[in-house]
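> give me the fold of what follows.
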Amino acid sequence: MCTAECNNSEDTNSSSYQLQLVSSMPMRIIVSMGITQFFVWPFIYINVLMLVTFSRKQAFRTETRYILFAHTLLVDLIFLLLTDFVVLISYSDVLMPMVFCIPFCILMEMVTLCTPLTITAMCVERYVAICMPLRHSALSTSSRTHTAILIIWIISAVKPLVDVIILASTVSQAYLSQLTYCYYEILTPEKWHRYMRGFLCIFNFIIILLVELFCYVMIMLAARAASVDEKSAAKGLRTVSLHMLQLTLCTMEIICPYIEAIVIQLDIQVYLSVRFFNFITFNVIARAVSPLVYGIRDEKFYTAFVYHMRCGQNHISSEHRQSNPAQK
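Purely as a prediction, here's the structure:
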């Protein structure tokens, strides 16, 4: 949920989210870049296929949970593409103008914040569907869902824009005109600013976690009271549990900078390994949980996804059926 601006350690250790995993050993750079591409691009491919599946079926485009799921896929797709771009330029040791990096960092922060907020909206939707089934159709309309997504983007834009305003009012013109690596700490050069960001990150995480816990408890109570369909309630509990797992993975980077700040004082090579592990686990793999939660577990979506994944064979079969109406 939060990028490494949450780190409040010393300046030399504060670039934990900076994806410049530079080492004196070229082999480490090559291996790390290869592993990154190995993890990033399969997830990008899966997300694109699932977005295509969503866009080609009218039933998905009008149902709240699928709209929110598609929004999560889109946000994670943008995040993975931006992250991979940062990795490539960082490994290449490329410095970029600050005026270019600032909007880039704003967009990165926005899509990072969108994910936990959308996950929370999906949990609330499941709570309404299971605990208030008679009001679900009235509350969970496509227009309301699109409005909720717009609000999510507005909320996600507030924090980085405030950081930019603080940055512009506290640094010199020379700072804004220099060349730099694109990582979020360039927007929070002051230590007090990083402390404030850390506090807000933890506060937001607690609020979102409380909302998801509330949804989980209410669904569990409804299932025990036998006031709803037990199968639907059990599935809802599993879905909310997986959402909470994804939220935990996405927000583990809150504590990663503190761990890295300790490790770097022990051994630089261990620090580079730990930092790379945190990046792959809590930035890349955490974004792959969404397809597993809905795309594979949801029978209706999974069937459509498999159909489009095998588009060549199915396209031929479809044409054959159309040319032989007697087989229908």
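> please count neighbours and contacts with C-alpha atoms only from this point.
Will do.
> so the residue sitting nearest the centre point of the chain is in which element?
Residue closest to the average C-alpha location in the chain (C-alpha atoms, centre = their mean): residue 115, at 4.2 Å. Using DSSP states H and E, residue 115 falls within helix 98-131.
> list the buried residues of that helix.
98, 101-102, 104-131 (16 or more other C-alpha atoms under 10 Å).
> and it, what does it pack against?
Contact partners of helix 98-131 among helices and strands, from 3 or more C-alpha pairs under 8 Å, 6 or more residues apart in numbering; DSSP states H and E: helix 64-91, helix 133-139, helix 142-170, strand 179-180, helix 191-224, helix 230-251.
> ok, 10 Å please
Using 3 or more C-alpha pairs under 10 Å, 6 or more residues apart in numbering; DSSP states H and E as the contact test, the elements touching helix 98-131 are helix 64-91, helix 133-139, helix 142-170, helix 173-176, strand 179-180, helix 191-224, helix 230-251.
> among the ones you listed, which is nearest residue 272?
helix 64-91 (13.2 Å; C-alpha to C-alpha).
> what's the angle between the closest one and helix 142-170?
30 degrees (axes from the mean of the first three to the mean of the last three C-alpha atoms, to 10 degrees).
> list the buried residues of helix 64-91.
In helix 64-91, counting by 16+ other C-alpha under 10 Å, buried: 64-80, 82-84, 86-91.
> residue 193 against residue 163, yeah?
Yes - contact status for residue 193 versus residue 163: in contact at 8.4 Å, counting by C-alpha atoms under 10 Å.
> hey, what's in contact with both of those two?
residue 187 (C-alpha atoms under 10 Å, 6 or more residues apart in numbering).
> count of residues packed around the residue nearest to residue 97 when sequence neighbours are not counted?
The shortest distance from residue 97 to any non-neighbouring residue, by C-alpha to C-alpha, 6 or more residues apart in numbering, is to residue 179 (4.5 Å). By the criterion of other C-alpha atoms under 10 Å, residue 179 has 15 neighbours.
> repeat that for residue 180.
Neighbours of residue 180 (other C-alpha under 10 Å): 17.
> tell me how far stretch 269-283 lies from the chain's centre.
18 Å (C-alpha atoms, centre = their mean, to the nearest Å).
> could you pull out the buried residues of it?
So for stretch 269-283, counting by 16+ other C-alpha under 10 Å, buried means 271-272, 274-276, 278-283.
> and that stretch, average pLDDT?
Throughout stretch 269-283, pLDDT has a mean value of 78.
> please apply the same query to stretch 244-257.
Stretch 244-257 comes out at a mean pLDDT of 71.
> try stretch 166-177
The model assigns stretch 166-177 a mean pLDDT of 84.
> with stretch 291-306 instead?
79.
> quick check: end-to-end length of it?
Stretch 291-306 has an end-to-end distance of 13 Å (criterion: C-alpha to C-alpha, to the nearest Å).
> phi and psi next, for residue 62.
In terms of degrees, to the nearest 10, the main-chain angles of residue 62 are phi -110, psi 0.
> show me the buried residues of stretch 269-283 that map onto helices.
271-272, 274-276, 278-279 (DSSP state H).
> looking at those residues, point me to the pair that's furthest apart.
Farthest pair in those, by C-alpha to C-alpha: 271 and 279, 12.2 Å.
> quick one on the thing from earlier: wait, the residue nearest to the centre of the chain touches residue 70, no?
No - between residue 115 and residue 70 there is no contact, the gap being 11.4 Å when judged by C-alpha under 10 Å.
> I'd assumed residue 152 was in contact with residue 112.
No - using C-alpha under 10 Å, residue 112 is not in contact with residue 152; the gap is 11.5 Å.
> ok, the closest residue to residue 247 other than its chain neighbours to residue 160 distance?
Once flanking residues are discounted, residue 247 sits nearest to residue 116: 6.0 Å by C-alpha to C-alpha, 6+ apart. Separation of residue 116 from residue 160 (C-alpha to C-alpha): 16 Å.
> wait, what's in contact with residue 175?
With C-alpha under 10 Å, 6+ apart, residue 175 has these contacts: 98, 167-168, 186.
> are any of the residues you listed buried, and which?
98, 167, 186.
> now distance to residue 307 too, for those residues, in JSON lines please.
Formatted as JSON lines, these follow (distance: C-alpha to C-alpha, whole Å):
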{"residue": "98", "distance to residue 307": "45"}
{"residue": "167", "distance to residue 307": "49"}
{"residue": "186", "distance to residue 307": "45"}
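> now, which of those residues sits nearest residue 265?
residue 186 (22.8 Å).
> pretty sure the closest one is touching residue 166, no?
No - applying C-alpha under 10 Å, one finds residue 186 not in contact with residue 166, separated by 11.9 Å.
> what is the burial count for the closest residue to residue 76 other than its chain neighbours?
Spatial nearest neighbour of residue 76, excluding adjacent residues (C-alpha to C-alpha, 6+ apart): residue 287 at 5.9 Å. By other C-alpha under 10 Å, 27 other residues sit near residue 287.
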